[in-house]
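1. Would you be able to build a 3D model of this:
(3 chains)
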Amino acid sequence: MLGSESRLRRAGEFRDTMRQGVRAGRSCLVMHARKTELPPSRAGFIVSKAVGKAVVRNRVKRQLRHLAAAALPATPFPVDLVVRALPEASSGDLRTEFETALTACLNRLAA
RNA sequence: CGAGUCGGCCGGGUGAUCGCGGCGCAAGUCGAGGAAAGUCCGGACUCCACAGAGCAGGGUGGUGGGUAACGCCCACCCGGGGUGACCCGCGGGAAAGUGCCACAGAAAACAAACCGCCCCGCAAGGGGUAAGGGUGAAACGGCGGUGUAAGAGACCACCGCACUCCAGGUGACUGGAGUGGCAGGGCAAACCCCACCCGGAGCAAGACCAAGAAGGGCUGAGUCUUCGGACGCAGCCUGCGGACACCGUUUGAGCGCUGCUCGCGCGAGGUGUCCGGGUAGGUCGCACGCUGGCAACGGCGAAGGCGGUUGGCAACAACCGCCGCAGAUGGAUGAUCACCGGCCCUCCGGGGCCACAGAAUCCGGCUUAUAGGCCGACUCGUCCC
RNA sequence: GGUGGCGUGUCUGAGCGGCCGAAAGAGCGCGCCUCGAAAGCGCGUGAGGGGCAACCCUCCGAGGGUUCAAAUCCCUCCGCCACCG
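-> Residues are numbered from 1 along each chain as shown, chains lettered A, B, ... in the order given. Have a look, this model is predicted:
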């Protein structure tokens, strides 16, 4: 679904993406995005305890990873994404919100 | 058939497509739970030099077993509940000592006497008594009788209690006989006493590598010397730096063994205040252990599972055979679809739902959450043969 | 993963076996003061249920236990907070 080379794994990568990138908020997630030089687009996820118990958090994280695996190869330029799940993520429509947020971020980065 | 008690088990299945993590060159192979949870106990393991003694502190608390160990499990005893199967119990000691028992009540623990009762007395009052009343959670053995002025274990029978003896049992304890003649109410999940157990921290333990500010100490030989010392070099050890103050270097500051004392060890630095800086890395531990191999893998073993035999009422143990063994680190174990299986609704076309819940060093327990379903043993009631 | 702590009226919080539904302060309501307000002063005020009323019952996060008696002692859960190299 999404290999470890396409994941953000360092606290510094998360911090740089969230501070230097653009941002798009939806009702159950917040997406940060940043252009990168190297080809493999990467993604990272923040799912806090406010989302739910461990089972719910794992499920949300896996759904987000599937969405990112489908979307990342289709971007016109390599990007780093950070997706923060909000407390409504366990019951909301993750798919459409992820896609609209991603197009919003890409439009803003292309401009 | 109805009502109920106890114990055990499962925790949706199959297929297709697209994916993820470990191992492997690859083909391939392995990949969440009965609770993985809470962190309430116990161990393994690691570090604290060794894991020492006494006190303090903490824990456990009927008896006997099981176990690596336990606060767990099994069997039994006692007390309480239930017609019964069965269930519940932190279930040692209150004649070692201390403490507490509010309010009410005369009196709350060692003896006394408020209303009473009885006797003496005209009365005031004095004496006897503890049956009855009243208060209270609890009032100095209970019920009945004898007795008496009224009464009282003062005496008697039964019950309770204490002691002695006998019998049974490893034991807790039980049964029986006799004696005493009623004495010391409760609380130890109050302090405490008794018996037994416990060194502390915890995988963010700990080991190694890299990086780092800027060094510091000891030893050795060398050079210079005003004989106080200074300088660079090598080896080893150690390490955030600086300023100020205080204490100290064999007459021992301080540190460690978590508190105190002893004992033991380390020991030349330590403590306080202020200022400045640094701190997000990797490998192992770690995927059951040891061992051979570059590795996949093989061999041996066990505190794993299953099956069997033997011993035991049982927990469990011994032996034999077979099988299995996730290992991530911003953290894999997933998503979609179809069919079948359950449950609910239905306008009979169909529609909806599928429990609790996600490994993080490992293991043995306990506790808590849990849709639905299966199996076994037993009890009571009713009916039939 | 581990360690430690805390839950009491609407809020902040004391109380740690009995006179405790519970101190104190804030808040809120009413009154005095003022032309009016603020400040100040005085009084009152927890929630739920039952009852015509006087009044009664339950509640200190939840449940169970010890005790004559529990907010307080013991056990098990639930929720929240802090810390670790």
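
2. Tell me which other helices or strands the helix or strand of chain A with the lowest mean pLDDT touches.
-> Across the helices and strands of chain A, mean confidence by mean pLDDT, DSSP states H and E is lowest for helix A:11-20: a mean of 79. Other helices and strands packing on helix A:11-20, by 3 or more CB pairs under 8 Å, 6 or more residues apart in numbering; DSSP states H and E, are strand A:29-35, strand A:42-47, strand A:79-85. To be clear about C-beta, it is placed using only N, CA and C from the backbone, and glycine gets the same treatment.

3. Make JSON lines out of those and add mean pLDDT and mean neighbour count.
-> Formatted as JSON lines, the helices and strands packed on helix A:11-20 follow (pLDDT from 0 to 100; neighbours: other CB atoms under 10 Å):
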{"stretch": "strand A:29-35", "mean pLDDT": "88", "mean neighbour count": "21"}
{"stretch": "strand A:42-47", "mean pLDDT": "86", "mean neighbour count": "21"}
{"stretch": "strand A:79-85", "mean pLDDT": "88", "mean neighbour count": "23"}
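
4. what's the closest of those strands to RNA strand B?
-> Nearest to RNA strand B among the helices and strands packed on helix A:11-20 is strand A:42-47 (3.9 Å), distances taken as CB to the nearest atom of the strand.

5. and that closest one, how far from the chain's centre?
-> In terms of CA atoms, centre = their mean, to the nearest Å, the centre of strand A:42-47 is set 5 Å apart from its chain centre.

6. what pairs with the residue nearest the centre of chain A across the strands?
-> Residue closest to the mean C-alpha point of chain A, counted by CA atoms, centre = their mean, is A:V83 at 3.1 Å. Beta bridges link A:V83 to A:M31, A:F45, judged by DSSP bridges.

7. Looks like it contacts A:R26 (just checking).
-> No: using CB atoms under 8 Å, A:V83 is not in contact with A:R26, being 10.1 Å away.

8. ok, the residue nearest to the centre of chain A - contacts?
-> A:29-32, A:43-46, A:64, A:68, A:98 (CB atoms under 8 Å, 6 or more residues apart in numbering).
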